[in-house]
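Participant: predicted model, plus sequence, below.
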Amino acid sequence: MAIISGPGGIDLEAELAAVGVHFVHAPGDDTPVALLEAHLGPDERQIRAVVVAEPPSPGDEFAGMGAWHVNARHEIHFARRGRGLLQVQLPEGVASVEVIAGDVMIIRGAEHRYLPLEAQEWVLRHSGGADADLGAEETGRPAEPWPTIA
């Protein structure tokens, strides 16, 4: 995880944590058990899905997970490979974070959007019962252009 940009004059990692976003870099092929135990209940730690998020077609980058949204569940996702861009709404503005292979992304109720920069494989887990989905709800925040990163 690398913070790309955000409002000036603040501790971005602390502000991300304050709105419910935390990253841990854990090279391997899955989330370390200690993180699962710290963030999800015993009946919530199972893998919900393994997916490959592909970069969207031009014009689709603001739809689905690319739209500003809040999920009803607490998420803990492991990036096995690839790169993506996460944006999180902070009280002071927007923080942009590059997510790379080996990153564990923990989101607890934060308003965010995500853009795969290349095919990115994710191991997905979240709170809620065995049949629960993430419960994504778009916030209606207007789509601004995604920042460009190298």
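Facilitator: Yes, it's here.
Participant: and the helices in the protein?
Facilitator: Using DSSP state H, the helices of the chain run over 12-18, 33-39.
Participant: and residue 87, which of those helices is closest to it?
Facilitator: helix 12-18 (11.0 Å; Cβ to Cβ). Bear in mind the C-beta positions are built from the backbone N, C-alpha and C, glycine included.
Participant: chain center to that closest one, what's the gap?
Facilitator: Relative to its parent chain, helix 12-18 has a centroid offset of 14 Å by Cα atoms, centre = their mean, to the nearest Å.
Participant: can you spell out which helices and strands pack onto it?
Facilitator: Helix 12-18 sits against strand 83-90, strand 93-100, with contacts defined as 3 or more Cβ pairs under 8 Å, 6 or more residues apart in numbering; DSSP states H and E.
Participant: among those, which comes closest to residue 127?
Facilitator: Of all these, strand 83-90 sits nearest to residue 127, with 18.6 Å by Cβ to Cβ.
Participant: which other residues reach that closest one?
Facilitator: Defining contact as Cβ atoms under 8 Å, 6 or more residues apart in numbering, one finds that strand 83-90 is touched by 4, 6-7, 10, 15-16, 19, 21, 53, 68, 94-101, 105, 110-118, 120, 141, 146-147, 149.
Participant: now with 7 Å, please.
Facilitator: The contact list for strand 83-90 (Cβ atoms under 7 Å, 6 or more residues apart in numbering) reads 6-7, 15-16, 19, 21, 53, 68, 94-100, 105, 110-118, 120, 141, 146, 149.
Participant: report the angle between the axes of that strand and strand 93-100?
Facilitator: 160 degrees (axes from the mean of the first three to the mean of the last three Cα atoms, to 10 degrees).
Participant: what sits against residue 117?
Facilitator: Residue 117 is in contact with 55, 83-85, counting by Cβ under 7 Å, 6+ apart.
Participant: JSON lines for the helices and strands packed on helix 12-18, including mean pLDDT?
Facilitator: Shown next, in JSON lines, are these (pLDDT from 0 to 100):
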{"stretch": "strand 83-90", "mean pLDDT": "96"}
{"stretch": "strand 93-100", "mean pLDDT": "94"}
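Participant: who wins for proximity to residue 34 among the ones you listed?
Facilitator: Taking Cβ to Cβ, strand 93-100 is the member of those nearest to residue 34, at 20.4 Å.
Participant: all good on my end, thank you.
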